[in-house]
Structures are given as structure tokens and as C-alpha cells.
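Engineer: Build me a structure from this.
(2 chains)
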Amino acid sequence: MIGLSEATVRFGARTVVDRLSFSVPVGRSLAILGPNGRGKTTALRAMLGFQHLHAGTRSAPTIVGYVPQVSVNNQRLRAIDIAVMGRAAHLGLFRQPRDEDYAVARAALGRTGAAGYAERPFDRLSGGERQLVLLARALATGSDVLVLDEPAAALDLHNQERLLVLLESLRQERHKAIVFTTHDPNHALAAADDALLMMPDGSALFGPVAETMTPAHLERLYGVPMRTVDLPGPAGILHRAVLPAFAGAPAG
Amino acid sequence: MSSVSEGLAARDGMPGGSPTWTRTTLVFAAFLALLCVSLLVSLCAGRFGVPVTRALALIWQGLTDPSAPLQAMDERIVLLVRMPRVVLAALAGGGLAVCGAALQGVFRNPLVSPDILGISQGAAFGGALAIMLGIWGFPLIAMVFVAGMAALVLVGFLARVSGRTETVTVILSGLVVSSVFAAVVSLLQFVADPETSLPAIVYWLMGSFSSATWARVLIAAPGLILGAALLWSLRFRLNVLALDEAEAKSLGARTERERWLVFALVAVIVGSQVAVSGIIGWIGIVIPHAARLLVGHDHRRMLPASILLGAAFTTIIDTLARTVTAAEIPLGVITALVGAPIFAVLLRNHYRERTGR
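Structural biologist: Purely as a prediction, here's the structure:
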């Protein structure tokens, strides 16, 4: 269980998050959507306790599988040494990771499909590869909460697909509470049960994807006319997609 | 240079890592050999030369029969004069180097060192004040330690701007605090009794192992050994603390508190070192960098490598200080002459890397 209740965050005089409430129980996935600067990352940070709450409460376990947007790290470590840090909370201050911790980290790298470059230096990996290593580190914590800050922001289409398949398979297992922020409403359709729409006017809409991710709500969210279409996937099953109907040259 | 560390990092074995322990073992065996050779050379070299075999025999005698009366000239020189000096230099060097390594980790910046943080100058103030008040022995060490810690706390408060600690503000705050304490030390020297306390303060501040005795080794060793051992046991945690603040917290680290634990251990080590041998700069910044080049960035290898290299380097520098010329060269002069150019190169490389040019 992770979430915020009536949470308010202020930067000086500016209220970035205003009486925001949502909660994600174990077994459900939440996608947080909103325009730039609306406070998606701030909401995540507030939820994890990295950001002071002006009012309201947060709930989160002590150990959280957290995947940052970019990992600022000037250490040159191997991917496996990054992943094994997921065990840090279980080791405390003075203990060193042992073989069983490395086994957990390797299993996590295997789960995210990053086992192939476990021995390679992390800082020499591509953005997509790093994301998968950081996700493996989050899984290696063993926490039942997974929080990802714009996990797909820097990824090309192929890597977005990989990540979404992974998030969807984690959602299907129903073992974790998963929260991720994204700019693309299709990511929410692909891998979330619920959506939190942080509207430009400061209000927020929280509920199951089917009720929240409607063209009308998304138009309010992005200020762009939105349309939904059903597209056949590779297996012939129809997938819903949301697209902006940008102004511009008409078709044909 | 980065290719060296990466090559090592990629091939080296860690627990549960790839199977090759050999490379790491070899590198560390080389460090250990370097340390042993430098210790032995330091025991033998000097105006009164002692053959290596005789020195080894004397060490053996000192270890097996420490209470035997020392009569021969070479016995007294090796066991009473040079040995405590060598031991103290090695312990202090290892301690300073591991301090630098740990601080560079928690500040996420390879340019931080114990002396840049103002700890040394703060400790110097504590020591100078103690000498002026006629305090020696353990109370002096306590004052040195408290003053060093106070300097660090000051830097910590100055550098925290709206809850965040930027590396640039830390380094600048360290500079400010260092300058203030240096000024106060000058003031103490100005008002000190020129007959008694002034020479003692000046001599002590210069930084030297020439006054080393077994009694001084016993005063400094507990803090140096305990501090270094505790920092070493934090080696995996330092990998976590070197991550971004939010990442480290999400992994269960109570970053603020744990950083202060590291600072306190650094203050114990630097306080112990300054108390018996004055201010010795540069070792804490140059040695960790060398260690990082040789064994990679992982603190689990970098910290022990820093200890061994720091001990060997300081022993060698101290040997040079007392053998190159007839009069002894102050240690700080040599470390600055060697360290400052290395620091300049580091600084330029660091910013070139950050700006991508």
C-alpha cells in the first residue's frame, strides 16, 4: 500500500501539489499523467518522503523499489554491482553483500532481461539498458512497492515496448503495488489498472483506467483534442490507443 | 586512464561476481609488497645505515622478545627511533587516505579531502590552544578531535542551503572555515609565550614524524586503527551513499545520519593523526585517486587499496624527508610539492569530463 492523502506541497508561495489523494494497494498499478511542470515527480517524491509535505499524510513502506528518471552516479561500477545495491536495506550499515545477495541481484537482472550485460560498466550502457538495470535493482530490494519516475521518457520505441511488457507482466502477477509517471497515455493503457490525471488547473482525477482515460478527460489534461482508436496487435487482439488530433495538414 | 579502471572493474572478481579473483589478488599483493618494502627501506635508510638482514633480525627480536634490553647502537636506532616513526607514518598515511576515499564517496566528488574540509585546520587550532594552555597527552588529543569535529560541523551547516548540500558550497565552506581557523591559529601564535609554547606550536604545526616515540604511537594508533577499520566496514554502504540522495534513501540509507557517522570517523582519524604529527596535507586526495585508477571505483576495493597505498606513500615520503638532505625537510613541503600538481591535473580533468570537452 502506497499513496498520499490530502497532500499539499509548496515551493515557496507556489502550490505544486494541492490536496492530492490517491492510493495503490498491492496488486494494482497506477499511472500518473500530467503536463510538464504539473508536479508528477514532486508527487512521487512526496509519496516516498523525499519531499516535505506542507499538509496531508503519505503512506509508503520503508524500503521501496524506486527507479529514478536518471541515475546520477559518477562511480564506475558494473551493472551487477548496481543491482546488488537493492539488497542494501537488508544488509544495514556494516555488512557486505554475500553470494545469496548476488543471486537475488542476478535473478532480478534476468527478470528484466539485463543479465547479458551484468558484468559491463553501468556508465557505458545505453539509456534503455540502464533503465532495465535500475529496474532490476528495484526488484532486488524485495519490496512489494515499485515506483518508477518517467521510466520510458528517454527510451526509443523498441525499449518502450520492452519496458511496458515488463511492467504489464509485473502487474499481472499482482504481487506488487506499482506506480509510474508517464507523458504518454498509451503507457497507462498498456500497463496500469488506475490512472491519476493531474489537471493543469490544479485539480486531479483518480480512478480506474477505463473511467479516467477518456478523450474528454485527456483533452482537459493536455489541452489538445484527443481521439481513441482500437488497433489490432500482432496477435490480432484489439488494443485501445489514445492519440492527439494535432492541428496541421489534413489527411489525404 | 579511465580504461585502466574499467578494464579492472570488468574483469575483477567480487563475491558472486565473475570467477577471476586472481587479478584483484595480484594487485593487492603488489600493494602489500610495496608497503613492506617501503617499511623495510625506511628502517634501514638514514645517516646510520643498517643492513636489511640485520634490520629483519632486529624486527624479529623486537617481536619475540620485546623486553630484552637494547644496548647496541643499531638496536636502539632501529627499534626505538626508526620503528615507531615508520609505524606512525604508515598508520597516519593509511588513515588519511581512507578518510579521503570515504569523504569523496559521500560527497560524490573526487576533489574532496580531509584538509579541504577544514578538519585539519580546526584540529590544528585545538592542538595549538592545548599547547598554549600546557595540555599534553590524551587531553590534547581530545581537544584536537573536538576542534576538528567542530570545524566539520561548521562546514556542514554553512554548506547546507535550503536542505541541499552542493559540492561546490562544501568546498567553499571548507575553505572559509579553514581560513578562519588558520587565522585564529596565527593569533594564538602571536600571543603565545615566545620562550616556551610558541616553538612547540610552530614545530607541531609543521607536520612531521620526527618526534615519534612508542608512547605517541600508542596515543594515535587506537583512533587511527579503529577509525580506518570502521570506515572499511562501511565500504559497501559507501557505494550506496555515493548514489543520488533519493536513490540512496529509497534503498534504505538514512543518508544524513550515515554521512555524519562517516564525518565523525574521519574526525577521529584526522584528530589522532594531527595530534601526534601535525598537519599533513594532500595524502587524502592524491592517494584515493590513485587507488581508484588502479582498482576501480567500488569502495569495497578502493578503501583497502587506499589504506595500503597511503601507508606506503607516507612511509616513502617520510623516508625522503629525513634522508635527502642533512637537515630534515618538513613533510608538508614534500606532500604539497607532489600533491598540488596532481590535484591541479585532477581538477582540470574533472571539469573537462563534466562539461564533455
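Engineer: hang on, residue B:322 in a helix?
Structural biologist: Yes - residue state for residue B:322 (DSSP: H, G, I helix; E, B strand; the rest coil) corresponds to a helix.
Engineer: Without its sequence neighbours, what residue ends up closest to it?
Structural biologist: Nearest residue to residue B:322, sequence neighbours excluded (Cβ to Cβ, 6 or more residues apart in numbering or on different chains): residue B:328, at 5.0 Å. C-beta here means a position set from N, CA and C on the backbone, and glycine is covered the same way.
Engineer: check contacts around that neighbour.
Structural biologist: Going by Cβ atoms under 8 Å, 6 or more residues apart in numbering or on different chains, residue B:328 touches B:208, B:210, B:321-322.
Engineer: Tell me where the stretch 1-150 of chain A is predicted with low confidence.
Structural biologist: Residues of the stretch 1-150 of chain A meeting the criterion pLDDT under 70: A:71-74.
Engineer: which stretches of it form strands?
Structural biologist: Using DSSP state E, counting those that start in this stretch, the strands of the stretch 1-150 of chain A run over A:2-11, A:14-24, A:29-33, A:55-59, A:65-67, A:145-148.
Engineer: sorry, back to before: filter the contacts of residue B:328 down to the buried ones and express that as a ChimeraX selection.
Structural biologist: The ChimeraX command for the buried members of the contacts of residue B:328 (criterion: 16 or more other Cβ atoms under 10 Å in any protein chain shown) is given here:
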select /B:208,321,322
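Engineer: Counting neighbours, what do you get for residue 61?
Structural biologist: You didn't pick a chain, so chain A it is. For residue A:61, the tally of surrounding residues (other Cβ atoms under 10 Å in any protein chain shown) stands at 13.
Engineer: wrong one, chain B
Structural biologist: Other residues near residue B:61 number 15, with proximity taken as other Cβ under 10 Å.
Engineer: just residue B:196 next, same as before
Structural biologist: 12.
Engineer: With residue B:218 as the reference, measure out to it.
Structural biologist: Separation of residue B:196 from residue B:218 (Cβ to Cβ, to the nearest Å) stands at 25 Å.
Engineer: Likewise for residue B:150?
Structural biologist: From residue B:150 over to residue B:218 (counting by Cβ to Cβ), the distance is 26 Å.
Engineer: likewise residue B:291?
Structural biologist: 28 Å.
Engineer: Which one's more surrounded, those two?
Structural biologist: Neighbour count, other Cβ under 10 Å: between residue B:291 and residue B:218, residue B:291 has more, with 27 against 11.
Engineer: quick one, what contacts the more buried one?
Structural biologist: Counting by Cβ under 8 Å, 6+ apart, residue B:291 touches B:97, B:101, B:302, B:305-306, B:309.
Engineer: how about 7 Å then?
Structural biologist: By Cβ atoms under 7 Å, 6 or more residues apart in numbering or on different chains, the residues touching residue B:291 are B:101, B:302, B:305-306, B:309.
Engineer: and those, which are buried?
Structural biologist: Buried members of the contacts of residue B:291, counted by 16+ other Cβ under 10 Å: B:101, B:302, B:305-306, B:309.
Engineer: ok, the residues you listed vs residue B:259, which is closest?
Structural biologist: residue B:101 (14.6 Å; Cβ to Cβ).
Engineer: residue contacts, the closest one?
Structural biologist: Contacts for residue B:101 (Cβ under 7 Å, 6+ apart) come out as B:288, B:291, B:302-303, B:306.
Engineer: what helix or strand is the residue of the stretch 201-350 of chain B found nearest chain A on?
Structural biologist: Nearest residue of the stretch 201-350 of chain B to chain A, counting by Cβ to the nearest Cβ: residue B:252, 2.7 Å away. Under the criterion of DSSP states H and E, residue B:252 resides outside all helices and strands.
Engineer: thought it was touching residue A:65?
Structural biologist: No - judged on Cβ atoms under 7 Å, residue B:252 makes no contact with residue A:65 at a distance of 11.2 Å.
Engineer: ok, those two, which is more surrounded?
Structural biologist: Neighbour count, other Cβ under 10 Å: between residue B:252 and residue A:65, residue A:65 has more, with 27 against 20.
Engineer: so that one bridges to which residues?
Structural biologist: When assigned by DSSP bridges, residue A:65 has beta-bridge partners residue A:146.
Engineer: Distance check, the most centrally placed residue in chain A against chain B.
Structural biologist: Nearest to the mean C-alpha position of chain A, by Cα atoms, centre = their mean, lies residue A:180 at 2.2 Å. Here residue A:180 is placed at a distance of 14 Å from chain B (Cβ to the nearest Cβ, to the nearest Å).
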